[in-house]
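*Asks:* Let me see the structure of the following:
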Amino acid sequence: QLQLVESGGGLVQPGGSLRLSCAASGFTLDYYTIGWFRQAPGKEREGVSCVDRTESSIYYANSVQGRFSISRDNAKNTVYLQMNDLKPEDTAVYYCAAERLGGPCLARYFSSWGQGTQVTVSS
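*Replies:* Just a heads-up that it's a prediction; the model follows:
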C-alpha cells in the first residue's frame, strides 16, 4: 500500500528554520514527481515546491523562493523541505504528495497524499 508520512513540523519563531521530511513506503519515490503543499485555515491548498523524478524541474512558489529548498534522497525513499527565515504567513499544515504522471505543482494533479504536519511560526 502506497503511503506518505510527513514529519518535522512544529512551533518556531519568526526567522527560524525547520526541515520537513516525507518518507514513502509501499512504492519507490524514484519514479514520482513529489510536491510539498500547504493549507492555512480558510485558504485553499497551495503548491509550495515540487520536484520531478530526475530533479531537472524544480518549482517554488514566489512566496518561498530563496527561503525554502526541496531535495530528495532516493536511497532513503524520502523527500525533504528545508525551510529557512520562516515568517508567520508560513503557518499552515504542510502535506507531501506524489504523482507518477508528473504535471504542474497544483494539488489537483497529485493522487497520493500524506496526512500533513503542522507548522506554526509565532513569537
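
*Asks:* tell me the strands in the protein, going along the chain?
*Replies:* Per DSSP state E, the chain has strands spanning 3-7, 10-12, 18-25, 33-39, 46-51, 58-60, 68-73, 78-83, 92-99, 112-113, 117-121. These are given in chain order.

*Asks:* And the fourth one, what's buried?
*Replies:* Right, strand 33-39. Using 16 or more other Cβ atoms under 10 Å as the burial criterion, the residues of strand 33-39 that qualify are Thr33, Ile34, Gly35, Trp36, Phe37, Arg38. In this view, the C-beta of every residue, glycine as well, is placed from N, C-alpha and C.

*Asks:* can I have that strand written out in CSV, keeping just the CAs?
*Replies:* This file holds the C-alpha atoms of strand 33-39, laid out as CSV (Å, rounded to 0.1, in the frame of the first residue of the first chain):
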residue,chain,number,x,y,z
THR,A,33,7.1,13.8,-9.0
ILE,A,34,6.9,14.9,-5.4
GLY,A,35,5.3,18.1,-4.1
TRP,A,36,5.0,19.9,-0.9
PHE,A,37,1.8,21.8,-0.4
ARG,A,38,0.3,23.8,2.5
GLN,A,39,-3.1,24.8,3.7
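
*Asks:* helices or strands up against it?
*Replies:* Contacts defined by 3 or more Cβ pairs under 8 Å, 6 or more residues apart in numbering; DSSP states H and E place strand 33-39 against strand 18-25, strand 46-51, strand 68-73, strand 78-83, strand 92-99.

*Asks:* That one to strand 3-7, inter-axis angle?
*Replies:* 50 degrees (axes from the mean of the first three to the mean of the last three Cα atoms, to 10 degrees).

*Asks:* Contacts only, for the residue most central in space within the chain.
*Replies:* In the chain, the C-alpha nearest the mean C-alpha coordinate belongs to Trp36, at 2.1 Å (Cα atoms, centre = their mean). The contact partners of Trp36, by Cβ atoms under 8 Å, 6 or more residues apart in numbering, come to 20, 22, 47-50, 70, 79, 81, 94-97.
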